[in-house]
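Enquirer: no FASTA, just this:
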DNA sequence: GCGCGCTGCAACTCTATAGTTGCATTAGCG
DNA sequence: CGCTAATGCAACTATAGAGTTGCAGCGCGC
C-alpha cells in the first residue's frame, strides 16, 4: 500500500484526467463512452486511463469487447490521509523549532 | 479558499519539488541554502519555489538580502480534506448506483 | 459469415517546463 | 568604500507527455 505519492499527484495534476475521473464518478464507463462526453479523442482518453490505472486510481473490467473503468474513491481517500499526515507533521515539527528558537 | 486543486497537484507531481518541500519541512530555508543540499542549481530551485508559492504551499519572508521560505502544512492538510471528500462522494454515489442496479 | 463497434498499437506533432549558464543587482560586513 | 554572498532576470536546450491520425485486431449481432 506504500504507493509512492508523487506519481499519483502527477496523475491528478492534469485537467483532462480530472474530467475523466469526475465523469467516472457519475458511473462506470468505457473509453469510447467517455470520448463522447469529452472534447478529446478516444485514444487520448485511453492513454489517460492507462496512467490512472497505473497509479491505482481506477480499475478496469473486461465485458466482452468493451473495457469498463471504475474510479476508486477509496484510493483517493487513502492518498488524502497520507497528505494530511505529512502536512500535520510539518506543522508540528516547525512549531517545535519555533518554540526552541523563542526559548533562547 | 476555493483554491483550484489541479494546479496544486501539478505542483506536487514533481520529485524535485517534493525534495524541496521535505527539506523545508525540517526547517525554513532560502533558495541558496536548499541548493547546497539538493542536486540542482539555485535557479532551478528558485523556479520551483515560485511554483509552490503560486499554489500556496509555501510562503516567503524577506530577511535582509535573503528570502526565507516556509512550508505551509495546513494548506496541504486542507487539500487533503478536499480530496477525501471527493473520494468519499464518488464511492457513495457509485454504491447507490450499484444498489439500484441490483434492485432490478 | 460479415459488417460494425470497440480496443490496441505505432508514428508523428507540438507545447510546457525542468534544468542549465551567464550576467546584473543589491545588501550586509570588514 | 570595496568585497562577498545573496537574489533576480533572460536566453537557451532538451525531454516528457498531451493530443492527433491511421490502421490492425477482435468480439457481437444480424
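Expert: Alright, I've got the coordinates. Because the structure is a prediction, the values reported are computed rather than measured.

Enquirer: Up against chain B, what does chain A have?
Expert: A:5-7, A:9-15, A:18, A:21, A:24-28, A:70-71, A:73-77, A:79-84, A:86-94, A:97 (Cβ under 8 Å from any Cβ of the partner chain). Where you see a C-beta, it was placed from the backbone N, CA and C, and this is true even at glycine.

Enquirer: Just the ones in strands from those residues, please.
Expert: Of the residues of chain A next to chain B, the ones assigned to strands by DSSP state E are A:70, A:71.

Enquirer: how many neighbours does the residue in chain A that DNA strand D sits nearest to have?
Expert: Scanning chain A for the residue nearest DNA strand D gives residue A:64, at 2.4 Å (criterion: Cβ to the nearest atom of the strand). A count of nearby residues for residue A:64, using other Cβ atoms under 10 Å in any protein chain shown, gives 5.

Enquirer: picking that back up, just the residues of chain A next to chain B: which are in helices?
Expert: For the residues of chain A next to chain B, membership in helices holds for A:5-7, A:9-12, A:15, A:18, A:21, A:24-25, A:73-77, A:79-84, A:86-94, A:97, with DSSP state H as the criterion.

Enquirer: For ChimeraX, write the select line for the buried members of those residues.
Expert: Entered in ChimeraX, the line below selects the buried ones among those, by 16 or more other Cβ atoms under 10 Å in any protein chain shown:
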select /A:5,9,10,11,12,18,21,24,25,73,75,76,77,79,80,82,83,84,86,87,90,91,94
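
Enquirer: which parts of chain A sit against DNA strand C?
Expert: Listed as neighbours of DNA strand C in chain A under the rule Cβ under 7 Å from any atom of the strand: A:30, A:31, A:32, A:42, A:43, A:46, A:65, A:66, A:67.

Enquirer: Most neighbours among the residues you listed, which one is it?
Expert: residue A:31 (22 neighbours).

Enquirer: how close does that one sit to chain B?
Expert: Separation of residue A:31 from chain B (Cβ to the nearest Cβ, to the nearest Å): 18 Å.

Enquirer: ok, that residue - contacts?
Expert: A:42, A:45, A:46, A:49, A:67, A:69 (Cβ atoms under 8 Å, 6 or more residues apart in numbering or on different chains).

Enquirer: out of those, which are inside strands?
Expert: Those of the contacts of residue A:31 lying in strands (DSSP E): A:67, A:69.

Enquirer: Can you tell me which of the contacts of residue A:31 comes closest to chain B?
Expert: Within the contacts of residue A:31, distances to chain B taken as Cβ to the nearest Cβ reach their minimum at residue A:69, with 11.7 Å.

Enquirer: For residue A:90, which non-adjacent residue is closest in space?
Expert: Using Cβ to Cβ, 6 or more residues apart in numbering or on different chains and skipping the chain neighbours, the partner closest in space to residue A:90 is residue B:73 (3.6 Å).

Enquirer: near DNA strand D, which of the residues of chain A next to chain B show up?
Expert: Applying Cβ under 7 Å from any atom of the strand to these, one finds that A:10, A:14 fall near DNA strand D.
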